[in-house]
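Participant: Fold the following, please.
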Amino acid sequence: MTTLSERLESLAIRVTSPDNRIRATLRAGRSIECEFRPGAYDEYRQGDLEHQLGRLATLAWTGYQRGYQLAVAEATGTRPSGEQQSWDPNRRRYREALDASQHEGISPERWIRVRCTGMSHWTVDLRTGYHAALPEPRFLTELSSAAGEIIRDRRLRAARLKDEHYGLDIPAELRARFARAR
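Facilitator: The predicted structure follows:
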């Protein structure tokens, strides 16, 4: 029998862009890897690629949330929670703050900027000239890095908000790390 931790570590969500030319895999809610169908990268116009990548990220994170809820439900023998209303005011305020949180990830070479609100509304901005400067493999590495920054930022923000709303008594040095992260 697998534990909840093992289920979550092995959770891999695979999604395809609305135009069916880009695929992404979100692993354990920590890293995202993308791939283009053969020839697709060279055929995209900038605005179209930005739109497809934003939708792809939204689909990946939504799929991860569903997979996470299902894994918890299976491990605890309960029904998946979905977006049920919480009667606990601390939980409600925590969820509202997390859902309103803004995140941004910028690729190492600054060609790609990814932003999202509450992990549900993703936008991708590509710097003009990205295509000439970045062959497909380098573009995908840059994209994964920018998305990874958002995921790490969300984990830090969630921990900080849990401390704020549930009084976890996180040590001061760890709180300082949270503050430096953003």
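Participant: Low-confidence bits of this protein, can you list those?
Facilitator: For the chain, applying pLDDT under 70 flags the ranges 1, 81-86, 178, 180-182.
Participant: Geometric centre of it: which residue is closest?
Facilitator: With distances taken as C-alpha atoms, centre = their mean, the residue of the chain nearest its centroid is I151 (4.7 Å).
Participant: Now it. Nearest residue, chain neighbours left out?
Facilitator: Nearest-residue entry for I151: R30, 6.1 Å, with adjacent residues in sequence omitted and distances by C-beta to C-beta, 6 or more residues apart in numbering. Every C-beta, even on glycine, is put in place using the N, C-alpha and C of the backbone.
Participant: Where does the residue nearest to the centre of the chain fall, secondary structure wise?
Facilitator: Under the criterion of DSSP states H and E, I151 resides in helix 136-166.
Participant: Tell me the helix or strand right after that helix.
Facilitator: On the C-terminal side of helix 136-166, the nearest following helix or strand under DSSP H and E is helix 172-181.
Participant: Count the residues that sit near L26.
Facilitator: 24 (other C-beta atoms under 10 Å).
Participant: how about it, secondary structure?
Facilitator: For L26, the assignment made with DSSP: H, G, I helix; E, B strand; the rest coil gives strand.
Participant: my read: the residue nearest to I151 touches E149, true?
Facilitator: No. Distance between R30 and E149: 11.9 Å, which falls outside the contact criterion (C-beta atoms under 8 Å).
Participant: Of the two, which one has the most company?
Facilitator: Relative neighbour count places E149 above the other of R30 and E149, with 18 against 14, counting by other C-beta under 10 Å.
Participant: For that one, which non-adjacent residue is closest in space?
Facilitator: In space, E149 comes closest to G105 once its chain neighbours are excluded; the distance is 3.2 Å by C-beta to C-beta, 6+ apart.
Participant: tell me which strands and helices the helix or strand where the one you found lies is in contact with?
Facilitator: Using DSSP H and E, G105 maps to strand 102-106. Secondary structure elements in contact with strand 102-106, counted by 3 or more C-beta pairs under 8 Å, 6 or more residues apart in numbering; DSSP states H and E, are strand 112-117, helix 136-166.
Participant: In contact with the closest residue to C34 other than its chain neighbours: list those residues for me.
Facilitator: Nearest in space to C34, with sequence neighbours left out and distances taken as C-beta to C-beta, 6+ apart, is A24 at 4.6 Å. Contacts here follow C-beta atoms under 8 Å, 6 or more residues apart in numbering; on that basis A24 touches R14, V15, T16, S17, I32, E33, C34, E35, L56, A57, L59, A60.
Participant: Serialize those residues to a markdown table and add fields for secondary structure, neighbour count and distance to Y44.
Facilitator: Output for those, formatted as a markdown table (DSSP: H, G, I helix; E, B strand; the rest coil; neighbours: other C-beta atoms under 10 Å; distance: C-beta to C-beta, whole Å):
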| residue | secondary structure | neighbour count | distance to Y44 |
| --- | --- | --- | --- |
| R14 | strand | 13 | 21 |
| V15 | strand | 22 | 18 |
| T16 | strand | 13 | 15 |
| S17 | coil | 22 | 10 |
| I32 | strand | 25 | 18 |
| E33 | strand | 17 | 18 |
| C34 | strand | 21 | 13 |
| E35 | strand | 14 | 14 |
| L56 | helix | 25 | 12 |
| A57 | helix | 27 | 16 |
| L59 | helix | 19 | 18 |
| A60 | helix | 23 | 18 |
